[in-house]
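J.: pasting the structure only:
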């Protein structure tokens, strides 16, 4: 095996900076075990244009959140002609934008919760009762930023009064929001490698839902059930749906599909093109279950890196 020079781009300026740094630490350790040289790069402290002049073979994208998984940084990778991991420009942008991705899911008959979209232009005259009725939404509902990850800003509202209150807070922070029907039931997440679903895990958080704390703090005590406790038929079905969703958005590399399973139906909540790679992350856990150690997972990601993704 030839030794490669790997730029690990980490940190950044998004609200998910700390998660990115954790992902990077885990992946850097694995990359060194493989035998490659690691070059750390943090766009918070250095201009992204400096990457162009770094002698490297692959960019390992360990960023999370805005400017890391929304297609923007991927534009620079393509411009610099540097092969990189994960999804490309367009698929990253679409997957990060919940409104766009849900439209594609609906158009391709991938079931997702009923919803409506709001941006700054409609913030001042939004009629919640009318929109809820028109889009066949029922309480409780979820209101969340259109383009954040890691469940940042996600609020569950059991009635109109609470919805209006949360909207009043979120509209000051975000340029666009979505409101969707809250789907109860089992929380199922599927890992994909190169468009192939490798397994489905069930999450049973002790909190209201699998939010930021449940994802990234050991004290949250979320139960991980691997494989998910659903019938074999339904297990195969959710893997198939995940592969379809991945194809619809045109995603590459590793990805994760998040579902709710309710009344024998899978509802896709979102597709994550930059899933976490920390000790508590789900893709590595699912990979381990199917006999893919973490180092081998990272090795596959590096070998899979390319341009024009």
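T.: Great, that's in hand. These numbers come from a predicted model, not from an experiment.
J.: pretty sure residue 258 is in a strand, no?
T.: Yes. Residue 258: assigned to a strand according to DSSP: H, G, I helix; E, B strand; the rest coil.
J.: assign the closest residue to it other than its chain neighbours to helix, strand or coil.
T.: Spatially, and ignoring its direct neighbours in sequence, residue 258 is nearest to residue 269 (4.5 Å; Cβ to Cβ, 6 or more residues apart in numbering). Placement of C-beta: from N, CA and C, glycine included. Following three-state DSSP, residue 269 is assigned to strand.
J.: quick one, domains of this protein?
T.: 5-85, 114-181, 184-304 (automatic domain parsing).
J.: now these in a markdown table, with mean neighbour count and mean pLDDT?
T.: Shown next, in a markdown table, are the domains of the chain (neighbours: other Cβ atoms under 10 Å; pLDDT from 0 to 100):
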| stretch | mean neighbour count | mean pLDDT |
| --- | --- | --- |
| domain 5-85 | 19 | 96 |
| domain 114-181 | 16 | 92 |
| domain 184-304 | 19 | 91 |
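J.: distance of the most centrally placed residue in the chain relative to residue 97?
T.: Among the residues of the chain, the one closest to the centroid is residue 272, at 2.3 Å (Cα atoms, centre = their mean). Per Cβ to Cβ, to the nearest Å, residue 272 is found 13 Å from residue 97.
J.: tell me where the stretch 151-300 of the chain has helices.
T.: 160-170, 212-216, 232-249, 282-289, 294-304 (DSSP state H, counting those that start in this stretch).
J.: do the stretch 1-150 of the chain as well
T.: Under DSSP H, counting those that start in this stretch, the stretch 1-150 of the chain gives helices at 17-34, 72-80, 89-96, 98-107, 128-134.
J.: of all the ones you listed, which one is nearest residue 195?
T.: Checking the helices of the stretch 1-150 of the chain against residue 195 by Cβ to Cβ gives helix 89-96 as the closest, at 11.2 Å.
J.: chain center to that closest one, what's the gap?
T.: Remark: helix 89-96 is offset 11 Å from the chain centroid, using Cα atoms, centre = their mean, to the nearest Å.
J.: returning to what we had before: my read: the residue nearest to the centre of the chain touches residue 98, true?
T.: No. In this structure, residue 272 is not within contact of residue 98 by Cβ atoms under 8 Å, at 11.3 Å.
J.: so what's the residue count around residue 108?
T.: When neighbours are defined as other Cβ atoms under 10 Å, residue 108 has 12 of them.
J.: now the residue lying closest to it once chain neighbours are set aside: how far from residue 159?
T.: In space, and not counting its chain neighbours, residue 108 is closest to residue 248: 4.8 Å by Cβ to Cβ, 6+ apart. Noted for residue 248: a distance of 34 Å to residue 159, by Cβ to Cβ.
J.: just residue 14 next, same as before
T.: Distance of residue 14 to residue 159, given as Cβ to Cβ: 32 Å.
J.: for stretch 120-128, measure first residue to last.
T.: Using Cα to Cα, to the nearest Å, the end-to-end distance of stretch 120-128 comes to 15 Å.
J.: can you list contacts of that stretch?
T.: Contact partners of stretch 120-128, identified using Cβ atoms under 8 Å, 6 or more residues apart in numbering, comprise 118, 160, 163, 164, 167, 171, 175, 176, 179.
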